[in-house]
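Enquirer: okay, structure incoming, though there's no sequence with it:
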């Protein structure tokens, strides 16, 4: 009997939140993305395209957004 591959939960970040991140970034450099939001430039490209990202990554981004705005 073959095992079912585990499914990775994914999530699409609403465009309003992506726009908010873009406004708060001084520049969309790899270093600033990682330092402020804990995301790679590749993830940033996915967010701007409206592509899904791992749910765990979405949760981390949400936590960082809360920290940056408070």
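Expert: In hand now; what should we look at? Just so you know, these numbers come straight off a predicted model, no measurement behind them. Residues are numbered from 1 along each chain as shown.
Enquirer: what is the burial count for the closest residue to residue 29 other than its chain neighbours?
Expert: Counting by C-beta to C-beta, 6 or more residues apart in numbering, the nearest residue to residue 29 once its immediate chain neighbours are dropped is residue 41, at 7.9 Å. C-beta: built from backbone N, CA, C; applies to glycine. The local packing of residue 41 (other C-beta atoms under 10 Å) involves 14 other residues.
Enquirer: please renumber the chain so that the first residue is 680 from this point on.
Expert: Sure thing, new numbering starts at 680, so read that last one as residue 720.
Enquirer: so residue 720 makes contact with residue 709?
Expert: Yes: contact between residue 720 and residue 709 holds when scored by C-beta atoms under 8 Å: they sit 4.7 Å apart.
Enquirer: just confirm residue 687 is within a strand.
Expert: No: secondary structure of residue 687 (DSSP: H, G, I helix; E, B strand; the rest coil): coil, not part of a strand.
Enquirer: check contacts around the residue nearest to residue 708.
Expert: 707-709, 712 (C-beta atoms under 8 Å, 6 or more residues apart in numbering).
Enquirer: measure stretch 702-714 end to end?
Expert: Start and end residues of stretch 702-714 are separated by 16 Å (C-alpha to C-alpha, to the nearest Å).
Enquirer: so for it, what gets flagged as buried?
Expert: Buried residues in stretch 702-714, defined by neighbour count with 16 or more other C-beta atoms under 10 Å: residue 712.
Enquirer: longest helix anywhere in this structure?
Expert: helix 734-748 (DSSP state H).
Enquirer: so what touches the least confident helix or strand in the chain by mean pLDDT?
Expert: Of the helices and strands making up the chain, the lowest-confidence element is helix 734-748, at a mean of 85, by mean pLDDT, DSSP states H and E. With C-beta under 8 Å, 6+ apart as the contact definition, helix 734-748 has outside contacts at 687-690, 692, 696, 699-700, 703, 715-718, 722, 732.
Enquirer: what is the burial count for the nearest residue to residue 691 once chain neighbours are set aside?
Expert: Leaving aside its chain neighbours, residue 691 sits nearest to residue 731 (5.0 Å; criterion: C-beta to C-beta, 6+ apart). Using other C-beta under 10 Å, residue 731 is surrounded by 14 other residues.
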